[in-house]
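1. Structure of the sequence below:
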Amino acid sequence: MDTNPEISIVVPVYNEEPIVEELCLRLKKVCDGLNRSYEIVIVDDGSDDGSFEKLQRIKEAGGTMRLVQLTRNFGQQSAVLAGFRISRGKIVVQLDSDLQNPPEEIPKLLAALTRDIDLVTTVHKKRQDGLMRVLGSKLLCRFGQMLFGDAVKLNLSSFRAMRRSVIDKIETCRDRSRYMAVLMSWMGLPSVEIEVEHHVRKKGTTKYSFLTLFKLSWDLVTGYSNLPLRFVTYLGLFGALMGFLMMAFLLYQRMANGILIEGFIVLSAVFAFFAGVQLLSIGFLGEYLGRVHSQIQDRPDYIVEKVIK
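-> You can find the predicted model right below:
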């Protein structure tokens, strides 16, 4: 492993003890075959299953990687950001630790990173995930594309290669919620998308349940779009129009036909509608205010416990 490498491989790890040994062996074999200087940076995102301890033993036995341990589980995006910041390569490859994206595909990404390309993203030839994971990912991608429109082509895969300049641009974004795939797509960088293999997860369990993907979708909405606020505005306008039309109808019935519509049901329906609009508006405003409050606090994205070089 070179002290001034050309290529950095960044891998976030969370509770992957059964698979980290195979991961390290395959990464080393692939990188040794590149005939280019490299480093492997593995970021443990607060694992509690012995993943970091096993990685330490692998390194002590001659493993060629740099280890970063975070104080707790800050989430994949924070762990990736930590790896980006500690990496030193002119080219950085991001890879998940579950081996569903095989490390043996790394040379293909590097070959696609030509002089006029800053970012190489990937799409799977045939996805090997469960139905709920596939459905959740497709919904997340479709929803994100709907938010950003045709001007931004979203690619949410976490297997990618990029130049150091891409990471420098990410650092200029002060978003509290940094969803790397979205930021890179939003930047409009010179990029290319290539097909890669996708394997069935052999060990461990996925960390992306349908609920997790739903949470990511919510973060995508409130972190990168003002669509909810616009929706509430339209809903408020609709409610005001409906209230006006209802009052006009009641007044017309009274003045033209002498009919006085009374009853608790009518009053309850009107009240429930407007109360619902108000509560929904308050909920959306609360989400945005919470994000502003978090941004003002300016807490770090993560805290490093130790780095083993």
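2. could you pull out the strands for this protein?
-> With DSSP state E as the criterion, the chain has strands at 7-13, 38-44, 66-70, 91-94, 119-124, 160-163, 191-196, 304-308.
3. how about a markdown table for those, with distance to residue 26 added?
-> Bear in mind the C-beta positions are built from the backbone N, C-alpha and C, glycine included. Compiled in a markdown table, the strands of the chain are given as follows (distance: least, Cβ to Cβ, whole Å):
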| stretch | distance to residue 26 |
| --- | --- |
| strand 7-13 | 11 |
| strand 38-44 | 11 |
| strand 66-70 | 17 |
| strand 91-94 | 14 |
| strand 119-124 | 17 |
| strand 160-163 | 17 |
| strand 191-196 | 15 |
| strand 304-308 | 20 |
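4. would you list the ones you listed in a markdown table and tack on mean pLDDT, distance to residue 238 and mean neighbour count?
-> What follows is these, written out as a markdown table (pLDDT from 0 to 100; distance: least, Cβ to Cβ, whole Å; neighbours: other Cβ atoms under 10 Å):
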| stretch | mean pLDDT | distance to residue 238 | mean neighbour count |
| --- | --- | --- | --- |
| strand 7-13 | 97 | 44 | 25 |
| strand 38-44 | 97 | 47 | 26 |
| strand 66-70 | 97 | 46 | 23 |
| strand 91-94 | 97 | 44 | 23 |
| strand 119-124 | 93 | 39 | 20 |
| strand 160-163 | 96 | 42 | 23 |
| strand 191-196 | 94 | 40 | 15 |
| strand 304-308 | 94 | 50 | 13 |
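5. Among those strands, which comes closest to residue 282?
-> Smallest distance to residue 282 across the strands of the chain (Cβ to Cβ): 34.9 Å, for strand 66-70.
6. so what does the closest one touch, helix or strand wise?
-> strand 38-44, helix 51-60, helix 76-86, strand 304-308 (3 or more Cβ pairs under 8 Å, 6 or more residues apart in numbering; DSSP states H and E).
7. Stretch 96-107: how far from the chain's middle?
-> Distance of stretch 96-107 from its chain centroid, counting by Cα atoms, centre = their mean, to the nearest Å, is 19 Å.
8. What lies in contact with that stretch?
-> 9, 11-14, 16, 19-20, 22-23, 26-27, 30-31, 33-34, 42, 93, 95, 122, 128-129, 158-159, 161, 196-202, 204, 206 (Cβ atoms under 8 Å, 6 or more residues apart in numbering).
9. returning to that earlier point: nearest to residue 52, of the strands of the chain?
-> Closest among these, once you apply Cβ to Cβ, is strand 38-44, at 4.2 Å.
10. Please list only the buried members of the contacts of stretch 96-107.
-> Buried members of those, counted by 16 or more other Cβ atoms under 10 Å: 9, 11-14, 16, 19-20, 23, 27, 30-31, 42, 93, 95, 122, 129, 158-159, 161, 196, 198, 204.
11. taking the mean pLDDT, what do you get for stretch 125-140?
-> Averaging pLDDT along stretch 125-140 yields 68.
12. give me the beta-bridge partners of residue 43?
-> As for beta bridges, residue 43 partners with residue 12, residue 68 under DSSP bridges.
13. okay but it is in contact with residue 10, surely?
-> Yes: the criterion here is Cβ atoms under 8 Å, and residue 43 meets it with residue 10 at 7.1 Å.
14. which residues are in contact with both of these two?
-> 80, 83.
15. ok, how many other residues are close to the residue lying closest to residue 185 once chain neighbours are set aside?
-> Spatial nearest neighbour of residue 185, chain neighbours left out: residue 154 (4.8 Å); criterion: Cβ to Cβ, 6 or more residues apart in numbering. Other residues lying near residue 154 total 20 when counted by other Cβ atoms under 10 Å.
16. Just read off the phi/psi values of residue 154.
-> phi -80, psi 140 (degrees, to the nearest 10).
17. and if you look at the one 4 residues further on?
-> Residue 158 adopts backbone torsions of phi -100, psi 10, taken as degrees, to the nearest 10.
18. For it, which residues are in contact?
-> 76, 80, 94-96, 101, 180-181.
19. What of residue 9?
-> Each residue near residue 9 by Cβ under 8 Å, 6+ apart is listed here: 27, 31, 38-41, 92-93, 95, 106.
20. Generate TSV for those residues, with distance to residue 214 as supplementary columns.
-> Shown next, in TSV, are those (distance: Cβ to Cβ, whole Å):
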residue	distance to residue 214
27	32
31	36
38	37
39	36
40	33
41	30
92	29
93	29
95	25
106	31
